[in-house]
Structure formats: C-alpha cells, structure tokens
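*Asks:* Got a predicted model here, sequence first, then my questions.
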Amino acid sequence: QVQLVESGGGLVQAGGSLRLSCAASGRTSNSYAMGWFRQAPGKEREFVATINWSGGSTYYKNSVTGRFTVSRDNAKNTIYLQMNILKPEDTAVYYCAAGLAWLSPNVKSYNYWGQGTQVTVSS
C-alpha cells in the first residue's frame, strides 16, 4: 500500500504561482511513477504531469507545458508541482497518484491516489 497526502493548494490571482507537495509513505513508494491530475467541477479528472521513479523523465499536458514543473525528492518521499503563470482555467482539485506505468497520462494507470488539494485562480 502507498499513502499519498497533498498540500499547498489555495487561492491565487491569475499570473501567480503555487507549489503543491505530495508526501508518500508505504512500501517501495520510491519505485513508483508519480502523476498529478486535476478535476474541475462538472468535469472528468484529467492528466496534468507525470514523473518517473528516478525523476529523470517527465511528461506534461500540453496546456501546462512551460508553466508547470514536476519534480521529486525520493529522500523525502515527496513530489512537487511548481505552478507558474496560473490561469483561471487551472482552477480544480489537484490529486497526486502513484502507479507502475512509465509516464502514463491515463487515470487507469495509477493505483493509489491522494485526497486532493483545491487550487483556485481568480481573474
């Protein structure tokens, strides 16, 4: 089992920045690929970014490329999502997830999920 706890969400003005964190615990959590997803009201959960177990490879949703950066610190069992130049359309609950598939944008590739953290971007 892997337990995931997100933090760092909040309210920010358009153009601002936030950094989300996801603390992982449990057996072999460092061997999992990690992903960030988000879900806006009335919409399906969508892929945002993913990073492989070593942190050497990443993959992003097109609309966040160049604005968001995913990273991980395996010594701290934590992954991060640095979000810059935030837009109102980035407003959603953000979830981190762990899975064994390499750099997958597919929700079904992830076995473990956190409870989510709200990000609200005002215009």
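*Replies:* Yep, that arrived. Numbering: from 1, shown residues only.
*Asks:* What separation is there between the spatially closest residue to Gly55 that is not a sequence neighbour and Ala14?
*Replies:* Spatial nearest neighbour of Gly55, chain neighbours left out: Arg72 (4.7 Å); criterion: CB to CB, 6 or more residues apart in numbering. The way it works is simple: take the backbone N, C-alpha and C, and place the C-beta from them, glycine included. Plainly put, Arg72 is 28 Å away from Ala14 if you go by CB to CB, to the nearest Å.
*Asks:* Spatially central residue in the protein, please.
*Replies:* Nearest residue to the geometric centre of the chain (CA atoms, centre = their mean): Trp36, 2.3 Å.
*Asks:* Do I have it right that it meets Val48?
*Replies:* Yes - Trp36 is within contact range of Val48, at 4.3 Å (criterion: CB atoms under 8 Å).
*Asks:* re earlier: so for Arg72 and Ala14, which sits in the more crowded spot?
*Replies:* Comparing Arg72 with Ala14 by other CB atoms under 10 Å, the one with more neighbours is Arg72, at 21 against 13.
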